[in-house]
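# Structure for this input, please:
(one chain, ligands or ions: 1)
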Amino acid sequence: MPRSLRECKNQRKITVITAYDYPTAQVLSKAGVDVLLVGDSLGMVVYGDTTTHFVTLEEMIRHTMAVMRGHTSGLVVADLPKSSYDTVEMAMESARKLTAETGVKVLKIEGCPEICEALVEAGFEVMGHTGLKPQETSKMKVKGRSQSEAEEVLKEAQALEAAGCLAVVLECIPSELAQKVTEKLKVPTIGIGAGPHCDGQVLVVSDLMGLYSDFQPKFVKRYAEMGDIMQAAAEKFKSEVESGIFPSHDQSYK
Ligand code: KIV
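As a prediction, this is how the structure comes out:
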């Protein structure tokens, strides 16, 4: 792991995967993933909501604690959830609580360069996020196809860098725009649905592992079919219990 994400820019690609619990953090650390993101996608992936909008700061604290206990390498980044940073004062208080109670060092928020700047000035490390901002909308839609939207995304990415963000997530924007933003910024860009030119890539763990089947965006690649593996294991357990194969002597106390 390089000393900072910034050192990776133009050297090697950065890998980021979301994590919400202790065992997943252990596995992703062992795999050498650079950043474990406790994303507010938690709301959908773990709690089955249709948006990230109902995730609370308390839930983020609980899940970030679990990830902090499980991770053995790499950087942990935690999202400040929607409505926890409506004002600079709220952002400060939420950031203070999340970092103090979990030990996490880096926070991510969506948009809001002025809030990022205030947090950075107060000594917090912040990852920016622009393009599609799920805390603003529940619609999965590519952002930046029109000239005006593309300019808006580039402007916000530059404002996030100027605010002191250590990296900027680019979500669901055309590849050419992501390339332009990546070339313009000195800090790394981390893409999700933003094509191959970003400095790093992030995916939601359950999408990548093939555990989440409710909805699969075009940008997801499934690297495993964990849902099928888990279902087969559960079916085998059921059949062995019903037929008396499990537990055997090996799994029983004398
Ligand atoms: O909450 C999340 O998982 C995220 C990623 C999609 C970047 O913000």
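
# confidence score at residue 3?
pLDDT recorded at residue 3 is 62.

# what does residue 217 give?
89.

# Find the nearest non-adjacent residue to it, please.
Leaving out its chain neighbours, the residue that sits closest to residue 217 by CB to CB, 6 or more residues apart in numbering is residue 140, at 5.9 Å. For every residue, glycine as well, the C-beta is placed using N, CA and C.

# what's around residue 204, how many residues?
Each residue near residue 204 was counted by other CB atoms under 10 Å, and the total is 22.

# can you list the weak-confidence ranges in the stretch 101-250 of the chain?
214 (pLDDT under 70).

# Would you mind listing what in it touches the ligand?
Contact residues, the stretch 101-250 of the chain versus the ligand (CB under 6 Å from any ligand atom): 169, 171, 192, 202, 204.

# Next one: the third one from residue 143, what distance?
It stands for residue 192. From residue 192 across to residue 143, the span is 12 Å (CB to CB, to the nearest Å).

# In terms of neighbours, single out the busier of those two.
Shown here are residue 192 and residue 143; by other CB under 10 Å, residue 192 has more neighbours (27 against 23).

# That one: what's it in contact with?
Contacts for residue 192 (CB atoms under 8 Å, 6 or more residues apart in numbering) come out as 169, 170, 171, 172, 201, 202, 203, 219.

# sorry, back to before: list the residues that contact both of residue 192 and residue 143?
By CB under 8 Å, 6+ apart, residue 192 and residue 143 have these common neighbours: 171, 172.

# picking that back up, and the contacts of residue 192, which is closest to residue 74?
Using CB to CB, residue 202 is the member of the contacts of residue 192 that lies nearest residue 74, at 12.7 Å.

# so where do the strands sit in the stretch 51-200 of the chain?
Using DSSP state E, counting those that start in this stretch, the strands of the stretch 51-200 of the chain run over residues 75-79, 106-108, 125-131, 168-171, 189-192, 200-203.

# what does the fourth one rub up against?
When you say that, I think you mean strand 168-171. Contacts for strand 168-171 (CB under 8 Å, 6+ apart): 108, 127-134, 143, 153, 157, 160-161, 178, 181-182, 185, 187-194, 198, 202.

# Could you pick out the buried ones from those residues?
The neighbour-count criterion (16 or more other CB atoms under 10 Å) marks 108, 127-134, 143, 153, 157, 160-161, 178, 181-182, 185, 187-194, 198, 202 among the contacts of strand 168-171 as buried.
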